[in-house]
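Asker: Any chance you can model this:
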Amino acid sequence: MRPASADDRPELTAFIEANLPLAGVPSIPNVRLHMATPRSGLYRLAMADDSDVAPPYWAYPWAGGAVLARYLFDHPEEMVGKHAVDLGTGSGLVAIAAMKCGAAHVLAIDIDAKAIAAARLNAEANDVVIETRLGDIISDAPPDADMILAGDVFYDEVLAELMLPFLERCRTAGIDVLIGDPGRTPLPAGSLEKIAEYPVPDFGGGSQGTAANSAVFRLR
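Answerer: Just a heads-up that it's a prediction; the model follows:
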């Protein structure tokens with residue numbers, strides 16, 4: 001049983017369990033997530049706390065996270081015994097994949113309490129244990145970790161300008177940085193080395209799970 005913490009939101013957990021059914025993720029083996037359907041009523045959560053009504057990252061497997069998870073399952077040696085941080089965890093898909101591939105510990109971080117609730121539930125549904133943290137660490141010193149896993153973190157120009165310096169500080173500190181992205185405009189391609197490409201589903205942004213090529217990059 002997971003211990004309670006200061007960022008527990010029982011009402012979010014109850015809503016997700018009741019309204020987002022567990023389903024398998026296409027092209028990702030042996031992972032089930034609580035995913036939104038047209039009947040999930042996500043607008044009710046948005047109305048309750050004045051949050052964005054756009055499709056949230058925590059309710060779907062977006063392309064950047066999906067391609068990272070697929071890569072880890074194909075290359076579990078990347079994770080065995082590692083301490084990793086899943087930055088902007090969303091649904092927790094990447095953190096779950098890392099643990100299933102042999103990571104010693106994964107810290108899943110997000111600024112959205114809904115994502116933290118979803119990641120915890122999804123980890124439990126997949127019989128893995130992850131640590132979660134509600135907050136923003138990109139202004140902090142590099143974490144005590146072997147690897148940063150960052151899916152879908154370059155979707156916005158303003159965020160990208162903050163994210164890249166943090167990831168570069170982590171790389172300078174000796175932390176390996178893997179990034180998953182479908183090729184959005186803010187992606188700093190000049191700083192990255194593409195190491196894999198897969199057709200993966202992207203349920204976000206109205207894509208309805210359409211498969212498209214996305215890539216995994218290593219920060220140089």
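
Asker: where does the protein dip in pLDDT?
Answerer: Within the chain, the stretches with pLDDT under 70 are 1-8, 46-55, 204-209.

Asker: Where do the strands of it begin and end?
Answerer: Under the criterion DSSP state E, the chain contains strands at 22-24, 32-34, 83-87, 105-110, 131-134, 147-151, 176-181, 192-202, 210-219.

Asker: got CSV for those strands, with mean neighbour count and distance to residue 11 too?
Answerer: (Each C-beta comes from the backbone N, C-alpha and C, glycine too.) Formatted as CSV, the strands of the chain follow (neighbours: other C-beta atoms under 10 Å; distance: least, C-beta to C-beta, whole Å):
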stretch, mean neighbour count, distance to residue 11
strand 22-24, 12, 19
strand 32-34, 22, 15
strand 83-87, 26, 24
strand 105-110, 23, 17
strand 131-134, 18, 15
strand 147-151, 26, 27
strand 176-181, 24, 31
strand 192-202, 18, 29
strand 210-219, 19, 32
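
Asker: Please convert those strands to JSON lines, extending it with distance to residue 162.
Answerer: Converted to JSON lines, the strands of the chain look like this (distance: least, C-beta to C-beta, whole Å):
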{"stretch": "strand 22-24", "distance to residue 162": "33"}
{"stretch": "strand 32-34", "distance to residue 162": "28"}
{"stretch": "strand 83-87", "distance to residue 162": "12"}
{"stretch": "strand 105-110", "distance to residue 162": "14"}
{"stretch": "strand 131-134", "distance to residue 162": "18"}
{"stretch": "strand 147-151", "distance to residue 162": "13"}
{"stretch": "strand 176-181", "distance to residue 162": "15"}
{"stretch": "strand 192-202", "distance to residue 162": "17"}
{"stretch": "strand 210-219", "distance to residue 162": "15"}
